[in-house]
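Enquirer: I need the structure of the sequence given here:
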Amino acid sequence: MNALPFDSLYRHGFVRVSVAVPVVRVSDVAHNLDATVVLAREADRAGSLVVVFPELGLTGYSNDDLFQQEALLSAAEDALAVLVTESVGLRPLIIVGLPARYRSYLYNVAVAVHRGRILGAVPKSYVPTYREFYERRQFTPGASVRGASITLCGASVPFGVDLLYQATDVPDLIVHTEICEDLWVPAPPSTAAALSGATVLANLSASNATIGKSDYRRSLGSGQSARCIAAHLYSAAGSGESTTDLAWDGDATIHENGRLLCESRRFSVEPQLISADVHLALLAQDRMRMTTFADNAERAHAEFRRIEYG
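Expert: The predicted structure is shown next:
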């Protein structure tokens, strides 16, 4: 990294990351793919190395029982294949959401794509069925899926909640993904991931809008990034989702060690991309200084597979 120009942020332990909020159309996978590719290219032009999209962004979140329709599931996987091809010339690690089948069950997954390769797929651990949510009508919880593989776009790729993505060309860039409700439970999966080395915690969300919920989401992102001494990237579903039952505000944030670095404009009818430079070297130093972080890691007993890319 010392070969980089002195004024390069990457020479000084920083990394640029982005969160995307596309305008979707429910079940219109072709449109959603195009919107995803446009924002992924924008993140590439911005110099970002990670870009996170919303939960189930390739299909839209508010499809209800259409998620069990063969046409929609096949279209989502076809769209993923196109995204893999489009990613060949792009620098960022692209993290997108879609429904995927595994052993006759349907999972809500976050898929990581980098330069023409699917690195892995992580299922949503905790699937809510309370208040306005009834996701278990369509999706199976994935908290127990570890050490597995799934066939996507004709290739066998790592599948499970035990995946970390480690860049080989950028020090300390280790990415973990979880999905929406996973952050709201008392012990988020990203906590164990941080104790196992993850420095960038990505949450693909479709959290709906209710009074006061935006402030609470910020407190979650701030608290999780502070406790985990990490960067926290949060995306949420925005314009285009069905408003039959819920409202959507496209609330996206980037936190670093408790500090809010940037946020989206809520209720925008335009696609958005927010970016920030997070100081990975600083996070690594803070973890080294806070000796109780290492003590906690020793007691966590969490095992993760590290998928290298670069």
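Enquirer: switch to C-alpha atoms for all contacts and neighbour counts from now on
Expert: Will do.
Enquirer: Would you state the helices of the stretch 1-150 of the chain in chain order?
Expert: Along the stretch 1-150 of the chain, the stretches classed as helices by DSSP state H, counting those that start in this stretch are 29-45, 70-86.
Enquirer: which of the ones you listed sits most buried?
Expert: Mean neighbours per residue, mean count of other CA atoms under 10 Å, is largest over these for helix 29-45, with a mean of 20.
Enquirer: who does that one touch, helix- and strand-wise?
Expert: Applying 3 or more CA pairs under 8 Å, 6 or more residues apart in numbering; DSSP states H and E, we find helix 29-45 packed against helix 70-86, strand 272-279.
Enquirer: among those, which is nearest Leu49?
Expert: strand 272-279 (10.2 Å; CA to CA).
Enquirer: Go ahead and measure how far the closest one is from the middle of the chain.
Expert: Computed by CA atoms, centre = their mean, to the nearest Å, the chain-centroid distance of strand 272-279 equals 14 Å.
Enquirer: In CSV: the helices of the stretch 1-150 of the chain, plus mean pLDDT and distance to Glu178.
Expert: Shown next, in CSV, are the helices of the stretch 1-150 of the chain (pLDDT from 0 to 100; distance: least, CA to CA, whole Å):
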stretch, mean pLDDT, distance to Glu178
helix 29-45, 98, 19
helix 70-86, 98, 19
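Enquirer: Out of those helices, the one nearest Thr199 is which?
Expert: Closest among those, once you apply CA to CA, is helix 29-45, at 19.7 Å.
Enquirer: Measure how the closest one sits relative to strand 272-279, angle-wise.
Expert: 40 degrees (axes from the mean of the first three to the mean of the last three CA atoms, to 10 degrees).
Enquirer: Output helix 29-45 in PDB with nothing but the alpha carbons.
Expert: Only the C-alpha atoms of helix 29-45 are listed here, as PDB (Å, rounded to 0.1, in the frame of the first residue of the first chain):
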ATOM      1  CA  VAL A  29     -36.700  -8.100 -11.700                       C
ATOM      2  CA  ALA A  30     -35.400  -6.700 -15.000                       C
ATOM      3  CA  HIS A  31     -36.000  -3.100 -13.800                       C
ATOM      4  CA  ASN A  32     -34.500  -3.800 -10.400                       C
ATOM      5  CA  LEU A  33     -31.400  -5.400 -12.000                       C
ATOM      6  CA  ASP A  34     -30.900  -2.300 -14.100                       C
ATOM      7  CA  ALA A  35     -31.300   0.000 -11.100                       C
ATOM      8  CA  THR A  36     -28.800  -2.100  -9.200                       C
ATOM      9  CA  VAL A  37     -26.200  -2.100 -12.000                       C
ATOM     10  CA  VAL A  38     -26.500   1.700 -12.400                       C
ATOM     11  CA  LEU A  39     -25.800   2.300  -8.700                       C
ATOM     12  CA  ALA A  40     -23.000  -0.300  -8.600                       C
ATOM     13  CA  ARG A  41     -21.300   1.500 -11.400                       C
ATOM     14  CA  GLU A  42     -21.800   4.800  -9.600                       C
ATOM     15  CA  ALA A  43     -20.200   3.300  -6.500                       C
ATOM     16  CA  ASP A  44     -17.300   2.200  -8.700                       C
ATOM     17  CA  ARG A  45     -16.800   5.700 -10.100                       C
END
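Enquirer: Run through who's touching that helix.
Expert: Residues outside helix 29-45 that contact it (CA atoms under 8 Å, 6 or more residues apart in numbering) are 18, 20, 22-25, 51, 53, 57-60, 72, 75-76, 79, 83, 86, 90-92, 94, 272-273.
Enquirer: Alpha carbons of the helix or strand where Arg218 lies, as CSV, please.
Expert: In this assignment (DSSP states H and E), Arg218 forms part of helix 213-228. Output of helix 213-228 as CSV, limited to C-alpha atoms (Å, rounded to 0.1, in the frame of the first residue of the first chain):
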residue,chain,number,x,y,z
LYS,A,213,-38.4,4.3,14.0
SER,A,214,-35.7,6.2,12.1
ASP,A,215,-34.2,7.5,15.4
TYR,A,216,-34.2,4.0,16.8
ARG,A,217,-32.5,2.6,13.7
ARG,A,218,-29.7,5.2,14.1
SER,A,219,-29.3,4.2,17.7
LEU,A,220,-28.9,0.6,16.6
GLY,A,221,-26.3,1.4,14.0
SER,A,222,-24.5,3.7,16.3
GLY,A,223,-24.5,1.2,19.2
GLN,A,224,-23.5,-1.8,17.1
SER,A,225,-20.6,0.0,15.5
ALA,A,226,-19.4,1.3,18.9
ARG,A,227,-19.7,-2.0,20.7
CYS,A,228,-18.1,-3.9,17.9
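Enquirer: any idea which helix or strand comes after it?
Expert: Assigned by DSSP H and E, the successor of helix 213-228 is strand 231-235.
Enquirer: So what are the sheet partners of that following strand and their directions?
Expert: Counting by DSSP bridges, the strands paired with strand 231-235 are strand 200-204 (parallel), strand 253-256 (antiparallel).
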